[in-house]
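# just coords:
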DNA sequence: CATCTACAAGTGTTATCACACTTAGGGTCG
DNA sequence: CGACCCTAAGTGTGATAACACTTGTAGATG
C-alpha cells in the first residue's frame, strides 16, 4: 500500500492514484508530451498494476490521456486550434452555468464565492502565482457548483484539467509584473460575477464569466503569438517557460 | 476470447466490451437501474475480469455508469432536472458545433448530411422507429463531425449516450401515429440545418439545431407530464413503454 | 410476529504472472 | 554509409487467485 498518509480510509488505491495524476497535471508537475507507463507508475506509487490500470483507463476515457507509441498513455499536446475550441466550449458551458448559478445559488454558496475573491486578492498582493492559480480554479468551481448541475460541472472540470497546463503559462510569466494588469482585470470580472450572483442577475453573471474567459484566452494567444510567429491552428505550443 | 466474429483484429477485448455495453445502452437493450456486475459480464462475454474492469472504469469515468450498493456499477436513472440540464447543455454545445460546421464543412461532409436526411425520410415512411433513431443520431453526429472539433464531439457523444434511453421513448410511442407530426417537424429542422450548412450560414444552422433539440425535449417532457402528474425536478421517470 | 445471529452468496479490489507486440540499440554486410 | 537482422528492453493486455466488505437468507429466540 503506497503512501497511506495521503490516502483516506475509504479511498481505494485506484482513486488515490487517479487523484494524484490529475493533481500533477493541474500543478504543472506533469506536462504535455509525457508518457505515463504502467510499470513506471507501479514503481513510483509502490502498488500493483491493477489500480494503476484502472486509474489510467479513467483518464483515457476522459481524453486527459491519449495513446502514444506502443499504446503507452501520454499527456496530449494541444494544438492552438484545440485550445481555441476548448475556450469556445468553456464560454458556452460556463456561461450557461453562471446563468443557472444566478438563479440557484444559496447565500452560503455566494459567501463562499465572495471569500474566494478576497483570498485571491491577497495572493495577488503577494505575487504568489501558484496560489492564485489554485484559487482561480476554486473560485470558478464554486460558481459552477452553485449552479447545481453535476452534468455541467463534470464537463467544466474536464475542460479545465485538459487546458490547465496551458492556462498557467501567462499567469506564471506575468507574476514578475507587479501589479499585474491582466490579473487585476480578471479580478474585475470576478467581482462583477459575484455582484451578479448577489443580484440574481443571470445575464450579467454569464457576461462576466464569458468576458473573463475571453480575456484569459486572448492573453494566452497573445503570449503565444509573441513567442512564435506561427499562426497556424495546428501548431503545438511549447510549454517551457522561457528563461528570464 | 469471446465472440471473435464481432471483434476486429486490432480491437482489444476491453475495447470490444466497452463498445458493446455502449451499444446496448443506445439500442435500449440495457436500461437505467440495471447493475453491471463484473462477474456477470465475465460469464456473459466469456472473458477474464481484467478487460471487463477496464471497460467499466471507462464508463464510470464518463458518468455513463455510477456506483450503486456494494459499489456495483449501475446505469443511472436520470431525474427530470438532470434531463433538463442535459438538454440545456446540448442546445449550447450542439448549437456551437452547428455554427462551426457551417464554417468548416467540406462538400463531401455536407453530402453525407444530405444523404442521411433522405434515408431518415425513408425510415419514417416505413414507420421504422428503431432505424429512425439510429439514423437520427448519425445525422446529428455527421454535422458535429463536420465542425472538426473533437473536443466538442466527444462531449456531445457522451450526452447522447447518457440521455439516449430517455430520448427513445416518445419516438417509440409515436411510431404508431402515421405520419408522425413530431417526426415531420424534426425533419423540417433537419432540412433547415442542411440548407444552412450548404449556404454557410452559421446562425441559421445553430438555430435549426437548437429548435430541433428544444422540440425533442418539449415532446419528452410533455409525454412525461401526461404519463404522471408529478412536476418535481427530482422525480425519476419510469422507462417502461406503456402497454397499448 | 419481530428481532437477532450466523453463514452463504454476491460485490469489488488488488496482486501476480505470462504473453504479444513494439521500439531501440548494436552488429554485420554490401 | 545505408540497409538489414537480431536481441534486449520496454510497452500494454488478459488470466487467475485471494482478500475485504456487503447483502440476503434462514434459523433461533423472545
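That came through, no problem. The model shown is predicted, which means the values in this text are computed figures rather than measured ones.

# Show me the helices in chain A, by range?
A:13-26, A:38-45, A:49-61, A:80-104, A:107-125, A:129-145, A:150-174, A:181-199, A:202-227 (DSSP state H).

# of all those, which lies closest to residue B:211?
helix A:80-104 (17.2 Å; Cβ to Cβ). Backbone N, C-alpha and C define where each C-beta goes, glycine included.

# The closest one and chain B in contact?
Yes: applying Cβ under 8 Å from any Cβ of the partner chain, one finds helix A:80-104 touching chain B at A:82, A:85-86, A:88-89, A:92-93, A:95-96, A:100.

# before we move on, back to that, now render the helices of chain A as JSON lines, adding mean pLDDT, distance to residue B:116 and mean neighbour count.
Converted to JSON lines, the helices of chain A look like this (pLDDT from 0 to 100; distance: least, Cβ to Cβ, whole Å; neighbours: other Cβ atoms under 10 Å in any protein chain shown):
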{"stretch": "helix A:13-26", "mean pLDDT": "94", "distance to residue B:116": "38", "mean neighbour count": "19"}
{"stretch": "helix A:38-45", "mean pLDDT": "95", "distance to residue B:116": "41", "mean neighbour count": "15"}
{"stretch": "helix A:49-61", "mean pLDDT": "97", "distance to residue B:116": "28", "mean neighbour count": "22"}
{"stretch": "helix A:80-104", "mean pLDDT": "96", "distance to residue B:116": "24", "mean neighbour count": "22"}
{"stretch": "helix A:107-125", "mean pLDDT": "95", "distance to residue B:116": "44", "mean neighbour count": "16"}
{"stretch": "helix A:129-145", "mean pLDDT": "94", "distance to residue B:116": "35", "mean neighbour count": "20"}
{"stretch": "helix A:150-174", "mean pLDDT": "91", "distance to residue B:116": "27", "mean neighbour count": "19"}
{"stretch": "helix A:181-199", "mean pLDDT": "94", "distance to residue B:116": "41", "mean neighbour count": "18"}
{"stretch": "helix A:202-227", "mean pLDDT": "91", "distance to residue B:116": "33", "mean neighbour count": "18"}
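
# Any idea which of those gets closest to residue B:192?
Checking those against residue B:192 by Cβ to Cβ gives helix A:80-104 as the closest, at 21.2 Å.

# count of neighbours near the nearest residue in space to residue A:158 that is not next to it in sequence?
Using Cβ to Cβ, 6 or more residues apart in numbering or on different chains and skipping the chain neighbours, the partner closest in space to residue A:158 is residue A:62 (5.5 Å). Residue A:62 is flanked by 21 other residues according to other Cβ atoms under 10 Å in any protein chain shown.

# And residue A:46, by the same measure?
10.

# That one and residue A:30, how far apart?
18 Å (Cβ to Cβ, to the nearest Å).

# now swap in residue A:78 and tell me
Taking Cβ to Cβ, one finds residue A:78 at 14 Å from residue A:30.

# Those two: which has the busier surroundings?
Higher neighbour count among residue A:78 and residue A:30: residue A:78, with 20 against 17, using other Cβ under 10 Å.

# Give me every residue in chain A lying close to DNA strand D.
A:35-40, A:49-50, A:53, A:70-73 (Cβ under 7 Å from any atom of the strand).

# what are the phi and psi values for the residue nearest to residue A:158?
phi -90, psi 0 (degrees, to the nearest 10).

# Residue A:106 too?
phi -80, psi 170.

# How is chain A partitioned into domains?
A:12-74, A:80-227 (automatic domain parsing).

# tell me the centre residue of chain A?
Centroid check for chain A by Cα atoms, centre = their mean gives residue A:160 as the closest residue, at 3.3 Å.

# Which residue comes closest to that residue once chain neighbours are left out?
Nearest to residue A:160 is residue A:137, by Cβ to Cβ, 6+ apart, at 6.2 Å.

# how about the residues of chain A near chain B?
A:14, A:50, A:53-54, A:57-63, A:82, A:85-86, A:88-89, A:92-93, A:95-96, A:100, A:149-152, A:154-155, A:159.

# do you know how far residue A:206 is from residue B:167?
27 Å.

# try residue A:156
From residue A:156 to residue B:167 the distance is 23 Å (Cβ to Cβ).

# Ok, residue A:107 next?
In this view, residue A:107 and residue B:167 are 37 Å apart by Cβ to Cβ.

# Residue A:184 now?
For residue A:184, the distance to residue B:167 - Cβ to Cβ - is 46 Å.

# Enumerate the residues of chain A near DNA strand C.
A:1, A:12-14, A:47-51, A:54, A:69-70.

# Looking at these, which is nearest DNA strand D?
Relative to DNA strand D, the closest of the residues of chain A next to DNA strand C is residue A:70; by Cβ to the nearest atom of the strand it sits at 4.3 Å.

# Near the closest one, how many residues? Count them for me, please.
By other Cβ under 10 Å, neighbour count at residue A:70 equals 7.

# which ones are touching it?
Contacts for residue A:70 (Cβ atoms under 8 Å, 6 or more residues apart in numbering or on different chains) come out as none.

# Check residue A:96 too.
Residue A:96 touches A:152, A:206, B:88-89, B:92, counting by Cβ under 8 Å, 6+ apart.

# mind putting those in JSON lines, distance to residue B:122 included?
Listed next are these as JSON lines, based on distance: Cβ to Cβ, whole Å:
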{"residue": "A:152", "distance to residue B:122": "37"}
{"residue": "A:206", "distance to residue B:122": "42"}
{"residue": "B:88", "distance to residue B:122": "32"}
{"residue": "B:89", "distance to residue B:122": "31"}
{"residue": "B:92", "distance to residue B:122": "32"}
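
# quick one: which of those is nearest residue B:196?
residue B:92 (17.8 Å).

# Now the closest one. Nearest residue, chain neighbours left out?
residue A:92 is the one closest to residue B:92 (Cβ to Cβ, 6+ apart), at 4.4 Å.

# do you know how far that neighbour is from residue A:103?
When residue A:92 is compared with residue A:103 (using Cβ to Cβ), they lie 18 Å apart.

# same check, this time on residue A:168
32 Å.

# Residue A:13 too?
40 Å.

# Contacts only, for residue A:19.
Contacts of residue A:19 (Cβ under 8 Å, 6+ apart): residue A:11.

# any idea how far DNA strand D is from it?
19 Å (Cβ to the nearest atom of the strand, to the nearest Å).

# and what of residue A:206?
For residue A:206, the distance to DNA strand D equals 41 Å [Cβ to the nearest atom of the strand].

# Can you tell me what sits against stretch A:23-33?
A:21, A:36, A:64, A:74-78, A:130, A:137, A:160-161, A:164-165, A:168, A:239.

# I'd like to know which of those residues is nearest to residue B:193.
Looking across the contacts of stretch A:23-33 and measuring by Cβ to Cβ, the closest to residue B:193 is residue A:78, at 28.9 Å.

# correct me, but the closest one touches residue A:163?
Yes: the pair residue A:78 / residue A:163 is scored as a contact, 6.9 Å apart, by Cβ atoms under 8 Å.
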